[in-house]
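K.L.:
Predicted structure and sequence below. I'll ask about it afterward.
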Amino acid sequence: MSKYVGAVDQGTTSTRFIIFDRKGNIAGVAQKEHKQIYERPGWVAHDPMEVWHNTREVIAGALAGSGIFGADLAAIGVTNQRETVVVWDRHTGRPFYNAVVWQCTRTDAMCRKLIAQGGQDRFRAKTGLPVATYFSGPKIQWILENVPQAKAAALKGDALFGTMDTWVIWNLTGGPRGGAHVTDVTNASRTLLMDINTLAWDDEILGILQIPPSGLPRIVPSSDSNAWGHTLIDGPLGAKVPVCGDLGDQQAALFGQACFEPGEAKNTYGTGCFLLLNTGTTPTMSTHGLLTTLAYQVGDEKPVYALEGSIANAGSLVQWVRDNLGLIKEAGDIEALAAAVPDNGGVYFVPAFSGLFAPYWRSDARGVVAGLTAYANKHHVARAVLEATAYQTGDIVAAMNLDSGVALTRLKVDGGMIENDLLMQFQSDILNVPVIRPRVAETTALGAAYAAGLAVGYWSDMSDLKANWEIHGAWSPDMARKDRDRACAAWKKAVERTLNWVDQ
């Protein structure tokens, strides 16, 4: 019997391959960063071929470093940065253009035109999403309109479109040699092209965006016993292993956190920050700036939905302070710098580098540092950087409580920033609820592994996955209400200063 399950975690800044055992413990891991391409202000892109090359390297590296063979894996799951899109040639496997990243704002004019013609919520009843630069559909439209070779190939049926899960799965299962062209319901629900009620591509929206349906992948369950394909003997695993698990990174984290009951929520603190609340098998439409999205689908079971709040800059703000300001040498140094002062000294940092995401959805916003006085120093700025993530999460939780009608009672957390005790304590203080860290922090990759393992019977059912979840750490609120109210009011004032910066 196979001993392990593997997961490709294709993220915004790096790609990892993690091997898990039956208890959800990590048995092997390798990681490699890829280049961030900034052609113009607000534009973000990745080289898809570099990402695929790195994927091959980390698979081989994790196997070699752990002494595990590809044949020891029962299945492979994939999780990915969502909304980032690639358009490539189905015959050669070569991309026509760089991958346009979820953070990229190059589709702003397209989105403003769509909004002017029908309002920001013109597609929300079908897709659960507002019209925004965040989502994949307009990015595909942009590539087809601006890359002549891509458009010509699309019109001939020679172009394939996909988010990064689709790109990785297609290459893993053979690429031009019969690779599976699929995406799961969670990733499809982030495109602005799928009807979340029927789980099918919507012909009307495809017509409006002028996207040929022939290039789109087949929509499949997140965990599928009908494997979409197998890795190749001459591939990086050196074995034929079924690829049968696929979840967008934030839904994968929800799955890895075992949030299987309505009302359970998790927040991932990564490049961005993403809070998802399981709302059950019926979609809940937001009236407070949140997204209605697919949480997961297991086989032929009813799909499960979620409400989501998305923050563009969390860990990436710390990286910006490191790389652009030079205040720290390593991202982890931010905590010590911030801890040197007892509070933020009245300084607030709103990182609206690409506009504001949930619950505001303002593409005209740009980042500000507010409340500066001669008293403020680099320690206060560092503290304001960390606190920004907690305040943004607070905005989302407030909207989520209103949409769901149920107040959050605790928050499960994951992602790289949860190692920062100062941030986690401040998050608990701002939300006034306990914040809980799991034993296995790599919940995104774990969720993809769970989806794949369930599909092949490596884990028998969801109760096996729940049994693996254990608390590793927790923080309880320790802030007076008047102090919390005063701090949040100042944050709201800072957010207001970001608005209307870009003339539309």
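P.N.:
Yes, it's here.

K.L.:
part of a helix, is R82?
P.N.:
No: using DSSP: H, G, I helix; E, B strand; the rest coil, the assignment for R82 is coil, not a helix.

K.L.:
Now it: closest residue in space that isn't a chain neighbour?
P.N.:
In space, and not counting its chain neighbours, R82 is closest to G248: 4.1 Å by CB to CB, 6 or more residues apart in numbering. Bear in mind the C-beta positions are built from the backbone N, C-alpha and C, glycine included.

K.L.:
I471 too?
P.N.:
Nearest residue to I471, sequence neighbours excluded (CB to CB, 6+ apart): I436, at 5.8 Å.

K.L.:
so the residue nearest to R82 bridges to which residues?
P.N.:
G248 forms beta bridges with N80, as assigned by DSSP bridges.

K.L.:
next one: R437
P.N.:
G473.

K.L.:
That one contacts D414, correct?
P.N.:
Yes: R437 is within contact range of D414, at 7.5 Å (criterion: CB atoms under 8 Å).

K.L.:
Can you list the neighbours in contact with stretch 56-66?
P.N.:
Residues outside stretch 56-66 that contact it (CB atoms under 8 Å, 6 or more residues apart in numbering) are 6, 8, 15-19, 27-32, 68-70, 235-237.

K.L.:
What's the ChimeraX line that selects buried ones from these?
P.N.:
Under the burial definition 16 or more other CB atoms under 10 Å, those of the contacts of stretch 56-66 that qualify are selected in ChimeraX by:
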select :6,8,15,16,17,18,19,27,28,29,30,31,32,68,70,235,236,237
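
K.L.:
And the helices in the stretch 1-150 of the chain, which stretches?
P.N.:
For the stretch 1-150 of the chain, helices defined by DSSP state H, counting those that start in this stretch occupy the ranges 48-66, 108-118, 124-127, 136-146, 148-156.

K.L.:
helices and strands around the fourth one, which ones?
P.N.:
Under the contact criterion of 3 or more CB pairs under 8 Å, 6 or more residues apart in numbering; DSSP states H and E, helix 136-146 touches strand 85-89, strand 99-100, helix 108-118, helix 148-156, helix 203-209.

K.L.:
and for that helix, what are the contacting residues?
P.N.:
By CB under 8 Å, 6+ apart, helix 136-146 touches 82-85, 87, 96-97, 100, 104, 106-107, 110-111, 114, 131, 150-151, 154, 161, 163, 190-193, 205, 209-211.

K.L.:
which of those count as buried?
P.N.:
82-85, 87, 96-97, 100, 104, 106-107, 110-111, 114, 131, 150-151, 154, 161, 163, 190-193, 205, 209, 211.

K.L.:
R437 and D414: which is more packed in?
P.N.:
D414 (24 against 17; other CB atoms under 10 Å).

K.L.:
so where's the stretch 101-250 of the chain uncertain?
P.N.:
The stretch 101-250 of the chain contains no residues with pLDDT under 70.

K.L.:
Mind splitting this structure into its structural domains?
P.N.:
4-250, 258-438+470-503 (the TED database).

K.L.:
what secondary structure does T282 sit in?
P.N.:
coil.

K.L.:
I figured it hits Y305, correct?
P.N.:
Yes: counting by CB under 8 Å, T282 touches Y305, with 6.7 Å between them.

K.L.:
ok, these two, which is more surrounded?
P.N.:
Legend: neighbour count by other CB under 10 Å for T282 and Y305, higher for Y305 (25 against 11).

K.L.:
Do you know the pLDDT at the more buried one?
P.N.:
At Y305, the predicted lDDT confidence score is 95.

K.L.:
same question, the one 4 residues further on
P.N.:
We note a pLDDT of 89 for G309 in this prediction.

K.L.:
Start at 9, not 1
P.N.:
Taking 9 as the first residue, the last one we looked at is G317.

K.L.:
show me what contacts it?
P.N.:
Taking CB under 8 Å, 6+ apart, we find G317 in contact with 282-283, 297-299, 365-367, 401, 403-405, 407-408.

K.L.:
make it 6 Å
P.N.:
By CB atoms under 6 Å, 6 or more residues apart in numbering, the residues touching G317 are 283, 298, 366, 404.

K.L.:
how about CSV for the helices of the stretch 9-158 of the chain, with distance to V393 added?
P.N.:
Formatted as CSV, these follow (distance: least, CB to CB, whole Å):
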stretch, distance to V393
helix 56-74, 28
helix 116-126, 26
helix 132-135, 33
helix 144-154, 29
helix 156-164, 39
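
K.L.:
Minimum distance to I438: which of the ones you listed has it?
P.N.:
helix 132-135 (28.6 Å; CB to CB).

K.L.:
So which bits of the closest one are buried?
P.N.:
132, 134-135.

K.L.:
And for the residue nearest to I479, the neighbour number?
P.N.:
When neighbours are counted by other CB under 10 Å, I444 registers 19.

K.L.:
I figured it was touching G481, is that so?
P.N.:
No: using CB atoms under 6 Å, I444 makes no contact with G481, being 7.6 Å away.

K.L.:
Give me the secondary structure label for K274.
P.N.:
Under three-state DSSP, K274 comes out as strand.

K.L.:
For it, give me its contacts.
P.N.:
Listed by CB under 6 Å, 6+ apart, the contact set of K274 reads 261-262, 265, 267, 420.

K.L.:
before we move on, what about W51?
P.N.:
By CB under 6 Å, 6+ apart, the residues touching W51 are 112, 114.

K.L.:
now it: how far from W369?
P.N.:
20 Å (CB to CB, to the nearest Å).

K.L.:
Ok, P49 next?
P.N.:
Between P49 and W369 the computed distance is 20 Å (CB to CB).

K.L.:
residues in contact with V108?
P.N.:
Neighbours of V108 in contact, by CB under 6 Å, 6+ apart: 53, 93, 147.

K.L.:
Tell me which residues touch the residue nearest to R90, please.
P.N.:
For G256, the contact set (CB under 6 Å, 6+ apart) comprises 90, 194-195.

K.L.:
can you list those residues in CSV and add distance to L71?
P.N.:
Below are the contacts of G256 laid out as CSV (distance: CB to CB, whole Å):
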residue, distance to L71
R90, 27
T194, 27
N195, 26
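
K.L.:
Of those residues, which is the nearest to G278?
P.N.:
R90 (11.7 Å).

K.L.:
Help me confirm that that closest one comes into contact with R198.
P.N.:
Yes: with contacts counted by CB under 6 Å, R90 reaches R198, the gap being 4.7 Å.
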